[in-house]
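S.K.: pasting a predicted model and its sequence here:
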Amino acid sequence: MLNYRWMAPGLLLISLAAVGCGPTSQVDMGSVTGTVYVDGQPARAGLKLEFDPVTKGVRGSTAVTDESGQYEAVYSLSTNGVRVGACDVKLVPPEIAPSAPGKKRKLPFPEKYYEEIIQVDITPGSNTVDLEISKSKA
């Protein structure tokens, strides 16, 4: 027997999810690949990047390096790429335990890379964005 009491809220949640997952075909995208280098060597696997559009309120893309430091940006579960236009590229801080109160957490790279490594202009088609970062604070 169906429990109709839960049907209306369930349908509402499905409707809201469908609105948030609308088609991305209306968004101009460019594919973005590249390699991250740390002090001249390919980055380790699992380094996370964010492509944050300069236009506020616009969804960004993410990428994760593989074992050779290479990545491909992803916009959503079903769409690779980055929105066309200017983007700030930055590292995503690793998920680490919070530090003691009053102390800064220890990040693997200088803090500036988590704010912005570079600003790039993404165009339709293929884009290659290679990144050079350093572990030193200089």
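M.R.: Cool, got the structure. Numbering: from 1, shown residues only.
S.K.: number of nearby residues for residue 133?
M.R.: A count of nearby residues for residue 133, using other CB atoms under 10 Å, gives 18. No exception for glycine: its C-beta is placed from N, CA and C like everyone else's.
S.K.: residues touching residue 134, list them.
M.R.: Contact partners of residue 134, counting by CB atoms under 8 Å, 6 or more residues apart in numbering, are 38, 39, 109, 110.
S.K.: list buried residues within those.
M.R.: The neighbour-count criterion (16 or more other CB atoms under 10 Å) marks 38, 109 among the contacts of residue 134 as buried.
S.K.: take the contacts of residue 134 and lay them out in JSON lines including distance to residue 73.
M.R.: What follows is the contacts of residue 134, written out as JSON lines (distance: CB to CB, whole Å):
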{"residue": "38", "distance to residue 73": "19"}
{"residue": "39", "distance to residue 73": "23"}
{"residue": "109", "distance to residue 73": "19"}
{"residue": "110", "distance to residue 73": "23"}
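S.K.: with pLDDT, secondary structure and distance to residue 49 added, can I get the contacts of residue 134 in a markdown table?
M.R.: Formatted as a markdown table, the entries for these read as follows, by pLDDT from 0 to 100; DSSP: H, G, I helix; E, B strand; the rest coil; distance: CB to CB, whole Å:
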| residue | pLDDT | secondary structure | distance to residue 49 |
| --- | --- | --- | --- |
| 38 | 97 | strand | 13 |
| 39 | 96 | coil | 17 |
| 109 | 94 | coil | 12 |
| 110 | 93 | coil | 15 |
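S.K.: quick check: which element contains the most centrally placed residue in the chain?
M.R.: Residue closest to the average C-alpha location in the chain (CA atoms, centre = their mean): residue 62, at 2.0 Å. Following DSSP states H and E, the helix or strand that holds residue 62 is strand 61-64.
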